[in-house]
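K.L.:
Quick one, what's the 3D model for this:
(chains A and B)
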Amino acid sequence: MSALKLYLDGIGLCGPGMAGWEASRAILAGSSALVLAPTVLPAAEALPSAERRRVGVPIKLSMAIGFEAVRHAGADAATLPAVFSSTDGDCDNCHAILETLASEDRQISPTRFHNSVHNAPSGYWGIATGCHAPSTSLCALDATFGAGLLEAATQALASQQPCLLLAYDTPFPEPLASLRPIPYPLGIALLLRPERSAASFASLSIALGDEAPDVCADATLEGLRQSIPTARALPLLQLLARGETGRVVIDYLHDLSLAIEVGA
Amino acid sequence: MHALRLSSYTLISALGAGLAPTLAALRAQRSGLARTHWETVDIDTCIGEVPGLDDFSVRSDLAQFDCRNNRLAQRALETDGFSQAVQAAIGRYGARRVGIFLGTSTSGILSSEVAYRQRDPETGALPADHDYHHTQNSYSIADFVRHYFALSGPAFAISTACSSSAKVFGSAQRMIAAGLIDAAIVGGVDSLCLTTLYGFNSLQLVSANACKPFDAHRDGISIGEAAAFILLERGEQAQPGDIVLSGVGESSDAHHMSSPHPEGLGARLAMQAALDMAGLAATDIDYINLHGTSTPSNDAAEDKGVSAVFGTQTPCSSTKGHTGHTLGAAGGAEAIICALALQHDFAPGGVGTTELDPRLASHYLLANLDAPMRHVLSNSFGFGGSNCSLILSKVTA
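P.N.:
Now for the predicted structure:
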């Protein structure tokens, strides 16, 4: 099978102790230690004020990473096809609806309901950017990052247009937190192109395989990698943060992984 | 693009289990909607329920996946020879070369809805046997099917509300074009749950009666459930009479979370993109299966979009009056209804609708239309302004 060849023009990152890609490069490159602190989520400034008040963690998180990657690439968000990839969607909102439905009064709020769809961040992103291009939203439990990367890569190759991947996960409150423990909100966005552009700073050659995924040498980063599906991408981000070329294997499904050759 | 062949497909909905009862119901213009009492729901409405799911469990080696959604899925996998067709494809290509891309909006959330009623009054904990991963998580349906067939290829669930199981066709097409896989199981499964019944009701989008798309007095949706599976393979081997996927068009409204663009802008972009991919003109389309939810705003916006692309002569109808709105399964279910229309050369007339809305311009069918069918288009639109149009075609000699 031939590998999927793409170019990387932009990265967005928001997670515990990591406020943006540029701000976190030293941590990812290993020259500075990660201090876990609650993820700082900027307000979703791009939304009209009526919408801004209604949005929860996933929308703030995806806006933060999406706009960072778009700025990094110097791209136009209004024309970019997008892939949103998240394992559980809006966990706070889901819990609130489940509590209401288990109560005496099942009347859930209409806003909570329309925000409960897995593609709510995609819908708000469209409203914020005025983008009519295709946008999808998917889930593959712990394999969600790899699934999103494959979808974004094949979207870019099939359409011969750039594609923005926005991968994010958020924690559940209890009682679902005990069953699905995700410690912090974390999001990673990648702006992929099928052809090299002036903004491209790395090439990615992605192949499906069954090698064991690489781990993070740093114990704190490795803890995140194992506990947040989006963080399965951290070994790739570490290589990119060091500005190196090389090969990295990231986790996908339990019997599949993605081997990625990073070139100049 | 190279068209993909629909080499096997099956559908279970309130119309019945499999293609034969579905075709019979379409031919008879019979609705599966009924005013019934389901679970503990106290909303006065009609629903499209698939009977018998409470008295059935998934295969014992997959017991951890047992929930209404996966039960419905297994029923469908075992209908119309679908699982045998998948096994044959695995034999041809290998377990890693068959992908799984399935749509769902609520997956097995009913299991968590019930579990939340049974929380420990002291600790708030959920019952010990509640399995979030294998039931509620959106991936559950794709994971279940992957385990059912012992597949080891790429898999994910698409959850873009009511366009979910249309968009999976696009994912499969791109994965096959990229050479990652040779075949894909696509479709979608959504089952009745409190979240959607009470949720759509909170938005005042649920009709108290059976829905009547494009009717002057339409007043909301009727919720249904369905499992639709399609096996897609490369189309080079397609024979005359085979059904192929010839176009997929996707777009975003960029307008509002729960209301369509009033001029049907996103719908128009999706329909045009599907025509462009198929290399067809609007006049080539013999029938349009509308999204046609029966809400005042959806049908008005879709009508504007359809009229803008097709004019007002192309026969069209919504089959939501037959099945109810099966949400994340609707795109897959209606693709199969389109395949039946192509195979049997008829366009299904809508049911439930008696008095067409004079403000709508489309050529909405109130009776079945027997006519040669070569290319048909199916629309699916979801919350968040997620739009997808599919074009299916019949291979001719």
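
K.L.:
quick one: pLDDT of residue 239?
P.N.:
Using chain A. Here, the pLDDT recorded for residue A:239 equals 98.

K.L.:
other chain: chain B
P.N.:
With respect to pLDDT, residue B:239 scores 94.

K.L.:
What's the separation between it and residue B:19?
P.N.:
Using C-beta to C-beta, to the nearest Å, we find residue B:239 at a distance of 18 Å from residue B:19. (C-beta placed from N, C-alpha, C; glycine too.)

K.L.:
quick one: low-confidence parts of chain A?
P.N.:
Low-confidence segments of chain A (pLDDT under 70): A:1.

K.L.:
list the buried ones in stretch B:351-371?
P.N.:
Using 16 or more other C-beta atoms under 10 Å in any protein chain shown as the test for burial, stretch B:351-371 gives B:351-353, B:356-357, B:360, B:362-366, B:368-369.

K.L.:
Same list (those) but as CSV, adding distance to residue A:86.
P.N.:
Listed next are the buried residues of stretch B:351-371 as CSV, based on distance: C-beta to C-beta, whole Å:
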residue, distance to residue A:86
B:351, 38
B:352, 36
B:353, 38
B:356, 41
B:357, 38
B:360, 37
B:362, 36
B:363, 41
B:364, 38
B:365, 40
B:366, 42
B:368, 42
B:369, 43
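
K.L.:
Any chance of JSON lines for the residues you listed, columns secondary structure, pLDDT and distance to residue B:102?
P.N.:
Output for those, formatted as JSON lines (DSSP: H, G, I helix; E, B strand; the rest coil; pLDDT from 0 to 100; distance: C-beta to C-beta, whole Å):
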{"residue": "B:351", "secondary structure": "coil", "pLDDT": "98", "distance to residue B:102": "27"}
{"residue": "B:352", "secondary structure": "coil", "pLDDT": "98", "distance to residue B:102": "28"}
{"residue": "B:353", "secondary structure": "coil", "pLDDT": "98", "distance to residue B:102": "30"}
{"residue": "B:356", "secondary structure": "strand", "pLDDT": "98", "distance to residue B:102": "35"}
{"residue": "B:357", "secondary structure": "coil", "pLDDT": "98", "distance to residue B:102": "34"}
{"residue": "B:360", "secondary structure": "coil", "pLDDT": "98", "distance to residue B:102": "33"}
{"residue": "B:362", "secondary structure": "coil", "pLDDT": "98", "distance to residue B:102": "30"}
{"residue": "B:363", "secondary structure": "strand", "pLDDT": "98", "distance to residue B:102": "33"}
{"residue": "B:364", "secondary structure": "strand", "pLDDT": "98", "distance to residue B:102": "30"}
{"residue": "B:365", "secondary structure": "coil", "pLDDT": "98", "distance to residue B:102": "30"}
{"residue": "B:366", "secondary structure": "coil", "pLDDT": "98", "distance to residue B:102": "33"}
{"residue": "B:368", "secondary structure": "coil", "pLDDT": "98", "distance to residue B:102": "30"}
{"residue": "B:369", "secondary structure": "strand", "pLDDT": "98", "distance to residue B:102": "32"}
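
K.L.:
now, which of these sits nearest chain A?
P.N.:
residue B:362 (22.3 Å; C-beta to the nearest C-beta).

K.L.:
In this structure the closest one contacts residue B:303, no?
P.N.:
Yes - using C-beta atoms under 8 Å, residue B:362 makes contact with residue B:303 at a distance of 5.1 Å.

K.L.:
So which residues on the stretch 201-350 of chain B come close to chain A?
P.N.:
The stretch 201-350 of chain B has residues B:202-203, B:250-258, B:265-266, B:269 near chain A, with proximity defined as C-beta under 8 Å from any C-beta of the partner chain.

K.L.:
So residue A:124 sits against residue B:258, correct?
P.N.:
No - the pair residue A:124 and residue B:258 fails to qualify as a contact (C-beta under 8 Å) at a distance of 11.9 Å.

K.L.:
ok, those two, which is more surrounded?
P.N.:
The neighbour comparison of residue A:124 against residue B:258 (other C-beta atoms under 10 Å in any protein chain shown) goes to residue A:124, with 26 against 21.

K.L.:
what helix or strand does the more buried one sit in?
P.N.:
If you go by DSSP states H and E, residue A:124 is part of helix A:120-129.

K.L.:
Does chain B have contacts with the helix or strand just after that helix?
P.N.:
With elements assigned by DSSP H and E, the helix or strand that comes after helix A:120-129 is strand A:135-139. Yes - contact between strand A:135-139 and chain B, assessed by C-beta under 8 Å from any C-beta, occurs at A:135, A:136, A:137, A:138, A:139.

K.L.:
My guess is the third one contacts residue A:87. True?
P.N.:
No - with contact defined as C-beta under 8 Å, residue A:137 and residue A:87 do not form a contacting pair (11.6 Å).

K.L.:
quick one: which of those two has more around it?
P.N.:
residue A:137 (32 against 28).

K.L.:
Now do residue 130: how many residues are near it, please.
P.N.:
Reading this off chain A. 13.

K.L.:
my question was about chain B
P.N.:
With other C-beta under 10 Å as criterion, residue B:130 counts 19.

K.L.:
you'd agree it is up against residue A:179?
P.N.:
Yes - between residue B:130 and residue A:179 there is a contact under C-beta under 8 Å: 7.0 Å.

K.L.:
how much space is there between the residue of chain A at minimum distance from chain B and residue B:266?
P.N.:
Of all residues in chain A, residue A:123 sits closest to chain B, at 2.6 Å by C-beta to the nearest C-beta. Applying C-beta to C-beta, the value for residue A:123 to residue B:266 is 11 Å.

K.L.:
where do the contact lists of these two overlap?
P.N.:
Both residue A:123 and residue B:266 are in contact with B:252, B:385, where contact means C-beta atoms under 8 Å, 6 or more residues apart in numbering or on different chains.

K.L.:
Show me where chain A has its strands.
P.N.:
A:4-15, A:18-19, A:82-85, A:135-139, A:163-169, A:186-193, A:202-209, A:246-251, A:257-263 (DSSP state E).

K.L.:
Tell me the buried residues in the last one?
P.N.:
Neighbour-count burial for strand A:257-263 flags A:257, A:258, A:259, A:260, A:262 (criterion: 16+ other C-beta under 10 Å).

K.L.:
Please see if that strand touches chain B.
P.N.:
No - using C-beta under 8 Å from any C-beta, strand A:257-263 stays clear of chain B, with a minimum separation of 10.0 Å.

K.L.:
Please name the strands paired to that strand in the sheet, noting orientation.
P.N.:
strand A:202-209 (antiparallel), strand A:246-251 (antiparallel) (DSSP bridges).
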